[in-house]
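>>> using only what follows, build the 3D model:
(4 chains)
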Protein chains: 2
Amino acid sequence: MARKQGSHSDITGPKVREAALRLIARHGYAAVSMRQIAAEVGVQAGALYNYTPDKQSLLFDLMHDHMSALLAAWSNVDTAGPALLRLQAFTGFHIRFHLPRADQVFVSYMELRNLNPENFAVIESLRHRYEDALEDILRAGEAEGVFAVADTRVTTMAVIAMLTGLSNWYRHDGRLETDVIEAIYWDLVRKAVTA
Amino acid sequence: MARKQGSHSDITGPKVREAALRLIARHGYAAVSMRQIAAEVGVQAGALYNYTPDKQSLLFDLMHDHMSALLAAWSNVDTAGPALLRLQAFTGFHIRFHLPRADQVFVSYMELRNLNPENFAVIESLRHRYEDALEDILRAGEAEGVFAVADTRVTTMAVIAMLTGLSNWYRHDGRLETDVIEAIYWDLVRKAVTA
DNA sequence: GTCTATATACGGATAGAC
DNA sequence: GTCTATCCGTATATAGAC
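Take a look at the predicted model:
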């Protein structure tokens, strides 16, 4: 199975996306050039256009994949049951999903400005679906009488901001294990919303 | 008091900073050109260099002014007293200070990557001082026995993330008044940390 | 599929006239 | 203090050879 020299589409494609993700997370979309991404991959800039029609699509794909994977993973966790358990599942899921994906989180939350309007609308609707998942749990808990919050939508946004903010300071080589982090945040979330 | 035509340093200076803040908040530092800022102000690009030595200094000044103003304003609020009241004061202060400054908040939290190392260190130390103000309150409350949190530093970061996240979705023409927002968040914060 | 070379536009910053 | 003009570097994206 001789392969023509210089033909590596099966490995170059993923490498382009990995390099773009890492560089954009570190320096920002507008500050990263296609030449930088190419250099990181080990090809010339022109070769990138075999894998993306343009720079904007590269950003959109990174963000879209992240949000799709998030929703797909959550759909495998979400279950019926008491709202308190569902909230605990959401909190733990959010932390475990996001902690190993610092670059994706960073890009998905910081580069919304750099999406064109059509792409922005797509990502926003995915994000909205995720927010709604939490809001549903809070409303269920209020109906059960186990949660009591002043405003359900505001609380939804507040809890997500609190959980997502974790990615801004957590370091894998830090003093705290994931399990401990999870317990600390669950304690805060539970107390904040319970009646 | 005849003034030479075209000489407007007393009004152009502030306008440059306002235009830069607005444009950077909207599009990001790297995506905004000096020519865009100049067009917004109503001058040519070269004229901007009467007010800033370079683009990096413009960004740093915006962030530095914001953080300095934040710490100065907090120093006028912080008082002795029971930790619960101090925490309520912090929560209310944070919201009232940040809500009318959406652009400053956005720039100060999103453009850290675009500061050079020296400038980054300065801004980080200011941010750290603000975080420490909250951490002190939490520790005082634990000593009093009114607060009980699993980890004080993590709780500090979680509370600030929750409060600051408000700026990401709050709209002045939305359904909720500042006072109501403040009450909702105080309810969440209080319950999350009290014993 | 990748390369080199290039079209075309725009970037930050400066010089010198007024 | 602002303007016009410009230096010089880099940007995205494409064309055509291999």
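
>>> which parts of chain A are helices?
Assigned by DSSP state H, chain A shows helices spanning A:9-27, A:34-41, A:55-75, A:83-98, A:102-110, A:117-144, A:152-169, A:178-193.

>>> the shortest one close to DNA strand D?
In other words, helix A:34-41. Yes: applying C-beta under 7 Å from any atom of the strand, one finds helix A:34-41 touching DNA strand D at A:Met34, A:Arg35, A:Gln36. C-betas here are computed from N, CA, C, even on glycine.

>>> circling back: who wins for proximity to DNA strand C among the helices of chain A?
Closest to DNA strand C of those is helix A:9-27 (C-beta to the nearest atom of the strand; 3.4 Å).

>>> neighbouring contacts of the closest one?
The contact list for helix A:9-27, computed with C-beta atoms under 8 Å, 6 or more residues apart in numbering or on different chains, reads A:32, A:36-37, A:40-43, A:47-48, A:50-52, A:58-59, A:61-62, A:102-104, A:106-107, A:111, B:30, B:113.

>>> for stretch A:98-107, same thing?
With C-beta under 8 Å, 6+ apart, stretch A:98-107 has contacts from A:21-22, A:24-25, A:29, A:59, A:62-63, A:66, A:163-164, A:166-167, A:170, A:178, A:181.

>>> swap the cut-off to 6 Å and go again
For stretch A:98-107, the external contacting residues (C-beta atoms under 6 Å, 6 or more residues apart in numbering or on different chains) are A:Leu21, A:Arg22, A:Ile24, A:Ala25, A:Leu62, A:His66, A:Ser167, A:Thr178.

>>> who wins on neighbours among the residues of helix A:34-41 next to DNA strand D?
A:Met34 (19 neighbours; other C-beta atoms under 10 Å in any protein chain shown).

>>> what sits closest to it if chain neighbours are left out?
Nearest-residue entry for A:Met34: A:Ala45, 4.9 Å, with adjacent residues in sequence omitted and distances by C-beta to C-beta, 6 or more residues apart in numbering or on different chains.

>>> quick one: the one you found and A:Phe93, what's the gap?
Distance, A:Ala45 to A:Phe93, using C-beta to C-beta, to the nearest Å: 39 Å.

>>> who has more neighbours out of those two?
Neighbour tally, A:Ala45 and A:Phe93, criterion other C-beta under 10 Å: the higher count belongs to A:Phe93, 19 against 14.

>>> wait, that one touches A:Val77, no?
Yes: contact between A:Phe93 and A:Val77 holds when scored by C-beta atoms under 6 Å: they sit 4.9 Å apart.

>>> and the residue nearest the centre of chain A, how far is that from B:Val193?
Geometric centre of chain A, nearest residue: A:Val105, 4.1 Å, by C-alpha atoms, centre = their mean. A:Val105 is 25 Å from B:Val193, where distance means C-beta to C-beta.
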